[in-house]
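Undergrad: Using only what follows, build the 3D model:
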Amino acid sequence: MRLIKTFVGGIVLILIGIAWGLLLDEIGMREWLLLLSGIVLGIIAGLVQRWAVARQRLGLITPGKKRLWIIGVIVVLVTVKVAINVFIPSYLATNNSGIYLSIVYAIGGLLLGHALYLRFKPMPQPAKLRANRT
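TA: Numbering: from 1, shown residues only. The predicted structure follows:
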């Protein structure tokens, strides 16, 4: 159920972003490609975050390291997006609406990454929980 809610949330954010982008006159091909890169970066970040959560649930890393992975991935995502906006100047980097639109796409990609990890690599259960079920 969590998989479906996360996936739907990501798709809804991306659809909202598409509708919002179509309403803005200054969005061209370069901007749409930059928004697509935001989705891809968000998906990668979501996959890494879920990987860290799964490793912590298995007892392979501590909760502090999980938190470090999750925060670190967000910092890297923001840093890469800012670097892209600096090196490829566009409407998205110079207008408030464009910046917010980029954030919507990145969060949508992040949710899709979480859902993809859950779909293809379900959350493992620690041995203690599996032993209690039987």
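
Undergrad: quick one: the residue nearest the centre of the chain from residue 67, how far?
TA: The chain has residue 110 as the residue nearest its centroid, 1.3 Å off, counting by Cα atoms, centre = their mean. Separation of residue 110 from residue 67 (Cβ to Cβ, to the nearest Å): 16 Å. No exception for glycine: its C-beta is placed from N, CA and C like everyone else's.

Undergrad: picking up where we left off before, please, which helix or strand holds the residue nearest to the centre of the chain?
TA: helix 96-120 (DSSP states H and E).

Undergrad: buried residues in the strand or helix carrying residue 78?
TA: Per DSSP H and E: residue 78 is located in helix 63-87. For helix 63-87, burial by neighbour count (16 or more other Cβ atoms under 10 Å) applies to 66, 69, 70, 73, 77, 80, 81, 84, 85.

Undergrad: Just want the angle from it to helix 96-120.
TA: 140 degrees (axes from the mean of the first three to the mean of the last three Cα atoms, to 10 degrees).

Undergrad: List the contacts of helix 63-87.
TA: For helix 63-87, contacts defined as Cβ atoms under 8 Å, 6 or more residues apart in numbering pick out 34, 37-38, 41-42, 45, 48-49, 51-53, 55-56, 61, 92-93, 102, 106, 110.
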